[in-house]
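> sequence unknown, structure follows:
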């Protein structure tokens, strides 16, 4: 799969997709970018007058890149034909550290590195960088591919 095909296959959609583009992708790592638009729904209440991106949203952005998108790419290498469309990813593990706030309008770069992938389970180390290169968040995220409707 190409990065564009992987991006199209990511099931999350607006207003809950936090991956604009995939800039690097191979069987060991992924690099994605997302720009947090000033009118995102969560800024209205977090915090009015001084908005900051919630940590749970940063975690979701990192998971969409380092678990969902990378997982789709890896699964596509092991599943025959159109079988990939019959699977979805369930989030199974999260250990996060937050270092800096992410403000409205910020473009972040998310780097995911595969720690292991077997039996449709992916564990990744993820890092989220601000546009100036500073590390804003990092952690270990995991998910497992399961057949839809089962």
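Right, received. Where do you want to start? The model shown is predicted, which means the values in this text are computed figures rather than measured ones. Numbering: from 1, shown residues only.

> element containing residue 62, please.
Per DSSP states H and E, residue 62 falls inside helix 55-63.

> what separates that helix from the chain centre, distance-wise?
The chain centroid and the centroid of helix 55-63 are separated by 7 Å, computed with CA atoms, centre = their mean, to the nearest Å.

> what about the strands in the chain?
Using DSSP state E, the strands of the chain run over 21-25, 29-35, 87-98, 107-118, 121-129, 135-147.

> pLDDT of the first one, averaged?
Pointing back at strand 21-25 there. Taken as a whole, strand 21-25 has an average pLDDT of 99.

> go on, the fourth one?
With pLDDT averaged residue by residue, strand 107-118 scores 98.

> Remind me what that strand packs against, helices and strands.
If contacts are counted by 3 or more CB pairs under 8 Å, 6 or more residues apart in numbering; DSSP states H and E, strand 107-118 sits against strand 29-35, helix 55-63, helix 70-78, strand 121-129, strand 135-147. No exception for glycine: its C-beta is placed from N, CA and C like everyone else's.

> 7 Å instead, please
Here strand 107-118 is seen to pack against strand 29-35, helix 70-78, strand 121-129 when contacts are counted using 3 or more CB pairs under 7 Å, 6 or more residues apart in numbering; DSSP states H and E.

> Run me through the strand neighbours of the last one, direction for each.
Strand 121-129 pairs in its sheet with strand 107-118 (antiparallel), strand 135-147 (antiparallel), by DSSP bridges.

> between these, which gets nearest to residue 93?
Proximity to residue 93 (CB to CB) singles out strand 135-147 among the strands paired with strand 121-129, at 3.7 Å.

> and residue 105, how many neighbours does it have?
Using other CB atoms under 10 Å, residue 105 has 12 neighbouring residues.

> I'm done for today, thanks for sticking with me.
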